[in-house]
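Asks: Sequence and computational prediction follow.
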Amino acid sequence: MHFIWPELLWLLLIIPVLVMGYIRALRRKRTEAVLYSSLQLIRPALGPGNKFRRHIPPALLLLAISLVIFGTARPSARITLPADYLTLVLAMDVSRSMLAEDVPPSRIVAAQQAAKSFLQELPDHVRVAIVSFAGNAQLVQGVTDQKEALMTAIDNFQLQRGTATGSGLLVALNTLMPESAVDLETVLYGAEFKSGSLVAQGSALTGRALDQRPAPAAADAAKTMPVGSYTAGAVILLSDGRRTIGPDPVEVAKWAASKGVRVYTVAFGTPNGFIPGLEGFSFYARVDEESLQKVAETTGGEFFRATNANELATIYQHLSSKFTIERRDTEVSALLAAMAALLVLLAMGLSLKWFRR
């Protein structure tokens, strides 16, 4: 707990002053002499325990004053609340580099196992969609809360050539926010492809390279949202390689950031991972950590690095807890004021009941 106006806590010095005043008032009453013909007349009226009862209402009032002083300092506490109903899109790399065996038995098997464990731990209010990407990207399972369907989609991954990380992120964003979906054909191939106006020149079709296609970026700047402000869902992107085709994922991340969507990225694999004997060749499969870090940073998400199955499982557990609960700093002054009011009412009630005043 912390206080927005901590300087007002100096008012708590009033409490010992009030206690000293109360003690002094009690001593003054003891010095006043009252004559009775017999003590037997007043002892029944006092009743058992009355000696201590008379101190309870003042003590309750003192506590109420203390709470009011704490309330004026505007205390804030971190409250843990259930997260709202949300949607997660899990975008997973299924390029041939996932055959690397630096994470036993292989990257793809370890990633599938960790993803399925992650899905099992998610609460019922979280829905999930799954996107796979290699040379292209596709939605392999739409948004659902049926975990069996999600597990089947993960088990049915088919590895392909290429790594279109930006395309995978685009499909994931379109799935998460269908109302703001971009035209993937236009982004990847240009407006002339959509209109069917590609013109042949010699033996080749005109058109810019895929890497030169603009991301759906800031075309809609008027509707820009604060970074990380979208609370209805997020994207988790796992990749083990470097982009070889498709739009730049960092440019796509800028569009995601303009919509307030957080993207959590996971770099999976070791620096020296390689695929032995694939189609007669062996080659190294290194992850592009720099791009994944930039994607997470741009969107207000988090970047994680996993070099083995246990680390990947730990990352997924962390993400699961993040989407299960929400911790928020909340001012509790009103709560303290309500408690103080209840204590005052209780003190007044006890005083009327016990002492008729």
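Replies: Cool, the structure landed.
Asks: Next, the distance between the ends of stretch 156-174.
Replies: 22 Å (C-alpha to C-alpha, to the nearest Å).
Asks: State the mean pLDDT of that stretch.
Replies: Stretch 156-174 comes out with an average pLDDT of 93.
Asks: in that stretch, what counts as buried?
Replies: Neighbour counts over stretch 156-174 (16 or more other C-beta atoms under 10 Å) mark 157, 160, 162-174 as buried. Placement of C-beta: from N, CA and C, glycine included.
Asks: what distance separates that stretch from the centre of its chain?
Replies: 24 Å (C-alpha atoms, centre = their mean, to the nearest Å).
Asks: thought residue 12 was touching residue 67?
Replies: No - taking contacts as C-beta atoms under 8 Å, residue 12 lies outside contact range of residue 67: 11.0 Å.
Asks: the more surrounded of these two?
Replies: Higher neighbour count among residue 12 and residue 67: residue 67, with 20 against 13, using other C-beta atoms under 10 Å.
Asks: Residue 334 versus the residue nearest to the more buried one when sequence neighbours are not counted, what's the distance?
Replies: Distances taken as C-beta to C-beta, 6 or more residues apart in numbering place residue 340 nearest to residue 67, at 4.0 Å, with adjacent residues excluded. Using C-beta to C-beta, to the nearest Å, residue 340 is found at 11 Å from residue 334.
Asks: so what sits against both of those two?
Replies: Common contact partners of residue 340 and residue 334 (C-beta atoms under 8 Å, 6 or more residues apart in numbering): residue 71.
Asks: Those two: which has the busier surroundings?
Replies: Using other C-beta under 10 Å, the more surrounded residue of residue 340 and residue 334 is residue 340, with 21 against 10.
Asks: can you pull the contacts of the more buried one?
Replies: 63-65, 67-68, 71.
Asks: Closest to residue 21 out of these?
Replies: Closest approach between the contacts of residue 340 and residue 21, by C-beta to C-beta: residue 65, at 12.3 Å.
Asks: Could you give me the buried positions within the helix or strand where the closest one lies?
Replies: Under the criterion of DSSP states H and E, residue 65 resides in helix 56-72. Buried residues in helix 56-72, counted by 16+ other C-beta under 10 Å: 57-58, 60-72.
Asks: And for it, what's in contact with it?
Replies: Residues outside helix 56-72 that contact it (C-beta under 8 Å, 6+ apart) are 5, 8-9, 11-12, 14-15, 18-19, 22, 333-334, 336-337, 339-341, 343-344, 346-348, 350-351.
Asks: Quick one: neighbours of residue 226, just the number.
Replies: By the criterion of other C-beta under 10 Å, residue 226 has 10 neighbours.
Asks: list the contacts for it?
Replies: residue 260.
Asks: Pop out the phi and psi values for it.
Replies: Main-chain torsions, residue 226, degrees, to the nearest 10: phi -60, psi 150.
Asks: Repeat that for residue 103.
Replies: According to degrees, to the nearest 10, residue 103 has phi -110, psi 100.
Asks: Name the helix or strand for the residue nearest the centre of the chain, please.
Replies: Most central in the chain under C-alpha atoms, centre = their mean is residue 322, positioned 4.6 Å from the mean C-alpha point. Here residue 322, judged by DSSP H and E, is contained in helix 309-324.
Asks: How far away from the center of its chain is that helix?
Replies: Its chain's average C-alpha position is 12 Å from that of helix 309-324, according to C-alpha atoms, centre = their mean.
Asks: now stretch 225-240
Replies: On the basis of C-alpha atoms, centre = their mean, stretch 225-240 is displaced by 10 Å from the centre of the chain it belongs to.
Asks: Show me which residues of it are buried.
Replies: Across stretch 225-240, burial judged by 16+ other C-beta under 10 Å covers 227, 230, 233-240.
Asks: how about these in a markdown table, adding pLDDT?
Replies: Listed next are those as a markdown table, based on pLDDT from 0 to 100:
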| residue | pLDDT |
| --- | --- |
| 227 | 91 |
| 230 | 89 |
| 233 | 89 |
| 234 | 93 |
| 235 | 95 |
| 236 | 95 |
| 237 | 96 |
| 238 | 95 |
| 239 | 92 |
| 240 | 85 |
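Asks: Closest to residue 147 out of those residues?
Replies: Looking at these and their distance to residue 147, the nearest is residue 236, at 15.9 Å (C-beta to C-beta).
Asks: Return the set of residues that bridge with the closest one.
Replies: Beta bridges link residue 236 to residue 90, residue 264, judged by DSSP bridges.
Asks: Please name the residues that touch it.
Replies: Going by C-beta under 8 Å, 6+ apart, residue 236 touches 88-91, 263-266, 319.
Asks: And residue 235, by the same measure?
Replies: 88-89, 91, 169, 172-173, 176, 256, 261-264, 301.
Asks: again with residue 3
Replies: Listed by C-beta under 8 Å, 6+ apart, the contact set of residue 3 reads 9, 73-76.
Asks: Pop the domain breakdown of this protein in here.
Replies: According to automatic domain parsing, the chain comprises the domains 2-79+331-355, 83-183+211-307.
Asks: where among these is the average confidence lowest?
Replies: domain 2-79+331-355 - the lowest mean pLDDT of those, at a mean of 77.
Asks: hang on, residue 246 in a helix?
Replies: No - with DSSP: H, G, I helix; E, B strand; the rest coil as the criterion, residue 246 is assigned coil and is not in a helix.
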